[in-house]
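> pasting the sequence and the predicted coordinates here, then a few questions.
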Amino acid sequence: MSEHSSRRIRQDIVLGLKLGASMIVVALLLALARRQGWIDQTQVVRAFNIVLGLGFAAYSNLLPKMYGPPPRSLRHATLAQAVRRVTSWTMTLAFLIWSVLWIFAPQQIASIASVAVVIAAIAISLGYLVWKAAGGHTSKTS
Amino acid sequence: MNNVFKALADPTRRKVLELLRQRPMSAGELSEHFPVSRPTMSAHFAVLREADLIESNKIGTTILYQLKLSVLEDALLSFSQLFGIGAVERAATKPAGNGHPRKQPRRS
């Protein structure tokens, strides 16, 4: 593995760790605020889910820039680029919708709809991957 | 982020990104779409690589350029295409008629 690749992988891991650490810090701050009586339990759940959605949206935004193995062929490169792009867009939008739902929707609806949106985004990404791998739109690329 | 805006400000570089959205391409394939010299195209590729918007990979003897746009950069590119940022510049530099670059008159 080249020096550039290992640096890239290290950067991606550090980014993930920073995101995880910031989530834990936010959760601790919210728990502290709850203990102090500044906010109630409902607000803690809402605030944490908003931050969670925004954090994952930011992470999904950077998916196409993250390390991937060098392509073996033109077809492989085309497939990887298309799948990364669609996955990145769907996951970013899904997590932004997650945050918006936790800001505006009633808690009962937000808790179900936010998970449903992310599951739908995963299904779309997987469906697209299967469709592309099976030969969808290959006429231009082969 | 400054590098990204600098890269997206130029219509030729935006067109390169537009082409790479369809599929990864080699430098030769990309150059065919532009009436400019290879060294000029190489300079454009270098700016895009520096801004981390594309990456190059070697497959056999071919160097393949691939898109590496984040969602935000992708949206920025679409907006700049939509509002035609740099269109005036492009109109000024566009070769007339046959699509080939105009020859500069020789100074004697």
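That came through, no problem.
> give me the contact status of the lengthiest helix in chain A with chain B.
If you go by DSSP state H, chain A has its longest helix at helix A:3-35. No: using C-beta under 8 Å from any C-beta of the partner chain, helix A:3-35 stays clear of chain B, with a minimum separation of 9.9 Å. Where you see a C-beta, it was placed from the backbone N, CA and C, and this is true even at glycine.
> please identify which helix or strand holds the residue most central in space within chain B.
Closest residue to the average C-alpha location of chain B: B:Arg13 at 2.4 Å, with C-alpha atoms, centre = their mean. Using DSSP states H and E, B:Arg13 sits within helix B:11-22.
> centre of the chain to that helix, how far?
5 Å (C-alpha atoms, centre = their mean, to the nearest Å).
> restricting to C-alpha, output it in CSV.
Extracted in CSV, the C-alpha atoms of helix B:11-22 (Å, rounded to 0.1, in the frame of the first residue of the first chain):
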residue,chain,number,x,y,z
PRO,B,11,-16.1,27.0,-17.4
THR,B,12,-13.6,24.6,-18.9
ARG,B,13,-13.0,22.9,-15.5
ARG,B,14,-16.8,22.8,-14.9
LYS,B,15,-17.2,21.1,-18.3
VAL,B,16,-14.6,18.5,-17.3
LEU,B,17,-16.5,17.7,-14.2
GLU,B,18,-19.7,17.5,-16.1
LEU,B,19,-18.1,15.0,-18.5
LEU,B,20,-16.7,13.0,-15.6
ARG,B,21,-20.1,12.8,-14.0
GLN,B,22,-21.1,10.5,-16.9
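> so which elements touch it?
helix B:2-8, helix B:27-31, helix B:38-50, strand B:54-59, strand B:62-67, helix B:71-82, helix B:87-93 (3 or more C-beta pairs under 8 Å, 6 or more residues apart in numbering or on different chains; DSSP states H and E).
> what lies in contact with the shortest one?
Under the contact criterion C-beta atoms under 8 Å, 6 or more residues apart in numbering or on different chains, helix B:27-31 has outside partners B:Val16, B:Leu19, B:Leu20, B:Arg38, B:Met41, B:Ser42, B:Phe45, B:Ile63, B:Tyr65.
> please redo it, this time with the cut-off set to 10 Å
Contacts with helix B:27-31, where a contact means C-beta atoms under 10 Å, 6 or more residues apart in numbering or on different chains, come from B:15-16, B:19-20, B:23, B:25, B:37-38, B:40-42, B:44-45, B:54, B:56, B:62-65.
> please apply the same query to the fifth one.
Outside of strand B:62-67, the residues within contact range by C-beta under 10 Å, 6+ apart are A:64, A:68, A:70-71, A:73-74, A:77-78, A:80-82, A:84-85, B:16-30, B:45, B:48-49, B:53-58, B:73-74, B:77.
> in chain A, which spans are helices?
A:3-35, A:41-61, A:74-104, A:107-133.
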